[in-house]
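*Asks:* requesting a structural model of the entry that follows:
(chains A and B)
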Amino acid sequence: MARLPDGDPAPRDGALPAAALAGLGTRPFGLYVHVPFCASRCGYCDFNTYIPGEGAVREGYAGAVLAELDLARRVLGDRAPAVDTVFFGGGTPTLLAPDELAAILRGIEERFGLAPGAEVTTEANPESVDARALAALREAGLTRVSLGMQSASERVLATLDRRHTPGRAVAAAREARAAGFAHVSLDLIYGTPGETDDEWRASLEAALEGAPDHVSAYALIVEPGTRLAARVRRGELPAPDDDVLAARYELADDLLSAAGLRWYEISNWARGDDARSRHNVGYWAGGDWWGAGPGAHSHVGGVRWWNALHPARWSAALADGASPAAGREEPGPEAAGLERVMLGLRLAEGLALDAVDAAAAEQAVQDGLLDPGALTRGRAVLTRRGRLLADRVTLDLLRQPA
Amino acid sequence: MADQAHIRNFCIIAHIDHGKSTLADRILEMTKTVASRDMREQLLDSMELERERGITIKAQAVRVFYEARDGETYQFHLIDTPGHVDFTYEVSRSLAACEGALLVVDASQGVEAQTVANTYLAVDAGLELIPCLNKIDLPGAEPERVAAEVSELIGEDAESILTISGKTGEGVEEVLEELVKRVPPPEGDRDAPPRALIFDSEFDQYRGVVAYIRVVDGVFTKGEAIRAMAAGTEADIDDIGFFTPAMTPVEALHPGEVGYLITGIKDVTKLRVGDTLTTKRHGATEALPGYRDVKPMVFCGLFPINNDDYPDLRDALEKLSLNDAALAWEPETSDALGFGFRCGFLGLLHMDIVRERLEREYDLELMATMPSVGFELTLTSGEVVEVHNPSDMPDPARIQEIREPYIKASVLCPKEFVGAVMELCQERRGEHSGMHYLSADRVQITYDLPLAEIVLDFFDQLKSRTRGYASLDYEVLGLRPSNLAKLDVLLGGDPVDALSMVVHRDKAYEIGRTLAEKLSAKIPRQQFDVPIQAAIGSHIIARETVKAYRKDVTAKCYGGDISRKRKLLERQKEGKKRMKQVGRIEVPQEAFLAVLELGDERGK
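*Replies:* Predicted structure coming up:
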């Protein structure tokens, strides 16, 4: 299931090198809060989540998060900037009561302050929120809600083990609007075994009926170790086919664009720049963020680290006054260069040409993978064909080490 | 030292696993040459690879003393012989150093092709044969049946065949007695100009070339100047002696004696197997018969997988050549595979052994191209050229005739597999030349076959179609004209030199189609369509396309995915480096081996 990368040990006090702290505030600063609880486990999911009976306790969870925020404040010191974005992810953050989420948000504000116009998002399962809960969340200061719709097909939702009914997500999106959320996103998954082109088209059309200002559409990944992977291995379900996934992506891009949502990241479309997930853009654009919660990842000034996976180990470290980090790494120049290309290429802004091999970029334009106009403006920006081959283009564009 | 009348020189002829080494060990033990506690299993096979494969590559020669029942002490020289078809010439030289041979046959397995071939060689060499049925202690032994086969093979009464067990020692003393009685003492004139046969040579990094010799006439004394008559090499004898099996120096070796000679020469090609040694002063004018310049029969390109290893590969080949006069090599440059060497071998086993030694002892990662044979061409200009590499084939318009090496293959198998064996040989362009019943149910089938048809996977096919019961031996017949053509493979429209092969025209279409299919399964999808074509000259005979991939992107890459994703891309980057670039097409190493799988397909 969920795995952590290999890395170096992290110091007990979580201290960061001075060089990593030096640039704090010159980049956007985000806070991610991982809420690892789910009512049930979906067969495709390999996130760090726990269902009842797996030893993760909801009571006291918000308090443990606040303890990690104290640690974050100590580690980042007085130069800690105000928080530009907050993101509650999971798991199912809305399994915490709205006042618990509100308490965590207040805790963030007390320790760091919220920057003017800060974006505060929570993920939500359509079946775990209603109009009242959404109103309470808005009241607590959240500005954006991202609903896990996945599909409008009953059959597809069943294959994914999702518990909501096809119409629920769209209704929840409308309720969120009504509760005063300016930004509502719907998450979709395409390429589920058994899904037809028509079902995918219907899902996209249904999502657009909810009038979201943001849509994420992800190709289904059969993650090793999941129940879905086992079913595919046993031949009960067909494995997703890359050519089919490519066609579905193109369909999504066509329909979403026609509805006025433009791609700004490979799997994300938004109605105008304001509707983008600023928090997520931070991941791709090299921003700083602190991830609080079990298994959460952080990045500050070129140092990446990740917390212990199990909530009990994570909270025990915090109770002990120690950093809950399980490992960290400082990618060297070559690895950092790879990260920059890998992440920057995902964005519609692309990345500056000084980060890539010039001849390879020219070739990629010839091959229809990079946008020729952007190249003349000094940016490497993927074409739609290029977006579908982004991993490959990343490798091609890497500069040869001198 | 014994007088000439008390010397017996013999070797052991046996198929792989029929117990030659165990019997040799027992003889050494029973003649008290080696104390039991020093016995290393299978003492004569010293190279690691030999021990692992259970075969003997380098011959050795041990002197033992045997006190016979007649009360006299005899000096035996047991000469070990290489046990594989690739080394027929070496075997023939070892046999030429003997007067007798123990013919050892596994009492449950029976006579195999290799036994037959080597028995004929021994008979041709005029050796006295002492047949023995070995492993009679095993429950599956069928001495009567196998004795009948052996008796048919050598035309001797079944009753006179010894029954022994090298493992328990049963009957081995009888063998020693028979050697005394039946093997004639060496002839040879002590006063004639000295002549000695080199029946093996190996390189020792401290002492240079160690020549294994059998003195025929005259005396070789330490310090004397000698000459190798075929190679023209001249040197002084630094050291001379015999094996116990440890090297034991003596002042001189006399007619009939077997031992070693060291001169300080560092190059095995200067003291080649089969050459005659004589003394510089009062030397012989006539060499011993039978010298042959052994030529490589099978060729393949060896390329380092990591291009930086090229100098290491060259050094390793140089070192191997010190000990292997039959290994030939020259630099080869391939558009697809980079810098490497075209290597020539005696046969397939020799090729495998060299490759394995390069990889194992020199820690090199190698890519071997498909083995091919050497062709002789007459061009329209009348010029005759040799071609060892399909990609060197001249334009068809310039070729008047192509000749390829043929062999006489001899297959021994139980009679129920005759059909399967003949079918295989027919598929491989064989011409049936004989069939002979060795016993009521074992048959020897002989075919003239192009060597090229053997080098791919003939032996594997033979084994699988006869459930392992058939054995194969062959001898080279010479070159014959054939209707051959060069088959090219084009990727993205460009020919790939490392994939060219020479095939019979009648089979070209089928091979081309199969090869294109195999390649299309091995070449990963790229960002453009990759056409794969098989062609003879400008004529395309088969075509496949690897369709461009449309998707290679990770759908989700958020904060927690970055480290993992980066590491995945780093691994892909390494994998990409190991791909061979053919134009813009990335071709994995395995694709170049697709040709090796052609045989599987044909076998179906």
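*Asks:* okay, CA-based contacts and neighbour counts for the rest of this
*Replies:* Will do.
*Asks:* find the nearest non-adjacent residue to the residue most central in space within chain A, please.
*Replies:* Closest to where the C-alpha atoms of chain A average out (Cα atoms, centre = their mean) is A:Asn280, at 5.9 Å. Distance criterion Cα to Cα, 6 or more residues apart in numbering or on different chains; nearest residue to A:Asn280, sequence neighbours excluded, is B:Tyr558 at 7.0 Å.
*Asks:* tell me who's in contact with residue 256.
*Replies:* Using chain A. A:Leu256 sits next to A:Leu204, A:Leu208, A:Arg262, A:Trp269 when contact means Cα atoms under 8 Å, 6 or more residues apart in numbering or on different chains.
*Asks:* my bad, chain B
*Replies:* With Cα under 8 Å, 6+ apart, B:Gly256 has these contacts: B:Gln4, B:Ile7, B:Asn9, B:Pro185, B:Pro186, B:Glu187, B:Gly188, B:Arg214, B:Val215, B:Val216, B:Asp217.
*Asks:* tell me the residue of the stretch 1-150 of chain A that sits nearest chain B?
*Replies:* Here the stretch 1-150 of chain A gets closest to chain B at one residue, A:Pro5, 5.9 Å apart by Cα to the nearest Cα.
*Asks:* any idea which element the closest residue in space to that residue that isn't next to it in sequence lies in?
*Replies:* Distances taken as Cα to Cα, 6+ apart place B:Arg564 nearest to A:Pro5, at 5.9 Å, with adjacent residues excluded. Per DSSP states H and E, B:Arg564 falls inside helix B:562-578.
*Asks:* who does that helix touch, helix- and strand-wise?
*Replies:* Applying 3 or more Cα pairs under 8 Å, 6 or more residues apart in numbering or on different chains; DSSP states H and E, one finds that helix B:562-578 contacts helix A:333-344, helix A:390-397.
*Asks:* repeat that for 10 Å
*Replies:* strand A:303-307, helix A:333-344, helix A:390-397, strand B:585-587 (3 or more Cα pairs under 10 Å, 6 or more residues apart in numbering or on different chains; DSSP states H and E).
*Asks:* what's the least confident stretch among those?
*Replies:* Of all the helices and strands packed on helix B:562-578, the minimum mean pLDDT falls on strand B:585-587 (a mean of 91).
*Asks:* next structured bit after it?
*Replies:* That would be, after strand B:585-587 and using DSSP H and E, helix B:589-592.
*Asks:* for the stretch 401-550 of chain B, what lies in contact range of chain A?
*Replies:* For the stretch 401-550 of chain B, the contact set with chain A under Cα under 10 Å from any Cα of the partner chain comprises B:Gln526, B:Gln527, B:Phe528, B:Ala548, B:Tyr549, B:Arg550.
*Asks:* give me the phi and psi angles of the residue nearest to the second one when sequence neighbours are not counted.
*Replies:* In this case it means B:Gln527. The spatial neighbour of B:Gln527 that comes closest, neighbours along the chain excluded (Cα to Cα, 6+ apart), is B:Ala548 at 5.0 Å. For B:Ala548, the backbone dihedrals (degrees, to the nearest 10) come out as phi -60, psi 140.
*Asks:* look up phi and psi at A:Gly89.
*Replies:* phi -120, psi 170.
*Asks:* ignore the last one, B:Tyr437
*Replies:* Backbone torsions of B:Tyr437, given as degrees, to the nearest 10, read phi -80, psi 120.
*Asks:* you'd agree it is up against B:Gln444?
*Replies:* Yes. Using Cα atoms under 10 Å, B:Tyr437 is in contact with B:Gln444, at 6.2 Å.
*Asks:* who has more neighbours, the two?
*Replies:* Comparing B:Tyr437 with B:Gln444 by other Cα atoms under 10 Å in any protein chain shown, the one with more neighbours is B:Gln444, at 23 against 17.
*Asks:* wasn't that one part of a strand?
*Replies:* Yes. Counting by DSSP: H, G, I helix; E, B strand; the rest coil, B:Gln444 is located in a strand.
*Asks:* count the residues that sit near the residue nearest to B:Ile164 when sequence neighbours are not counted.
*Replies:* Leaving aside its sequence neighbours, B:Ile164 sits nearest to B:Gly171 (Cα to Cα, 6+ apart; 4.5 Å). B:Gly171 sits with 17 neighbouring residues when counted by other Cα under 10 Å.
*Asks:* what residues are up against B:Gly171?
*Replies:* By Cα atoms under 10 Å, 6 or more residues apart in numbering or on different chains, the contact set of B:Gly171 is B:Cys132, B:Leu133, B:Asn134, B:Ile136, B:Leu162, B:Thr163, B:Ile164, B:Ser165.
*Asks:* quick one: which of the contacts of A:Leu256 sit in strands?
*Replies:* Counting by DSSP state E, the part of the contacts of A:Leu256 found in strands is A:Arg262, A:Trp269.
*Asks:* out of the contacts of A:Leu256, which one sits closest to chain B?
*Replies:* Using Cα to the nearest Cα, A:Trp269 comes nearest to chain B of the contacts of A:Leu256, at 13.2 Å.
*Asks:* show me the contacts for the closest one.
*Replies:* Contacts for A:Trp269 (Cα under 10 Å, 6+ apart) come out as A:185, A:213-217, A:252-253, A:256-257, A:260-263, A:275-277.
*Asks:* just to revisit the earlier point, among the helices and strands packed on helix B:562-578, which is nearest B:Phe199?
*Replies:* Checking the helices and strands packed on helix B:562-578 against B:Phe199 by Cα to Cα gives strand B:585-587 as the closest, at 46.2 Å.
*Asks:* how far away from the center of its chain is that closest one?
*Replies:* Chain-centre distance of strand B:585-587: 35 Å, with Cα atoms, centre = their mean, to the nearest Å.
*Asks:* stretch A:198-216 too?
*Replies:* That offset, for stretch A:198-216, works out to 19 Å (Cα atoms, centre = their mean).
*Asks:* in that stretch, what counts as buried?
*Replies:* Going by neighbour count (16 or more other Cα atoms under 10 Å in any protein chain shown), the buried part of stretch A:198-216 is A:199-201, A:203-208, A:210-216.
*Asks:* hmm, back to that, which residues do B:Tyr437 and B:Gln444 both contact?
*Replies:* The contact sets of B:Tyr437 and B:Gln444 overlap at B:Leu412, B:Cys413, B:Pro414, B:Lys415 (Cα under 10 Å, 6+ apart).
*Asks:* next up, the contacts around B:Asn134.
*Replies:* So B:Asn134 contacts B:14, B:18-20, B:23, B:103-110, B:141, B:143, B:162-167, B:170-172 (Cα under 10 Å, 6+ apart).
*Asks:* one more time with 6 Å
*Replies:* B:Asn134 makes contacts with B:Val105, B:Asp106, B:Ala107, B:Ile164, B:Ser165, as judged by Cα atoms under 6 Å, 6 or more residues apart in numbering or on different chains.
*Asks:* the third one reaches B:Ala141, doesn't it?
*Replies:* The one in question is B:Ala107. Yes. With contact defined as Cα atoms under 6 Å, B:Ala107 counts as touching B:Ala141 (4.9 Å).
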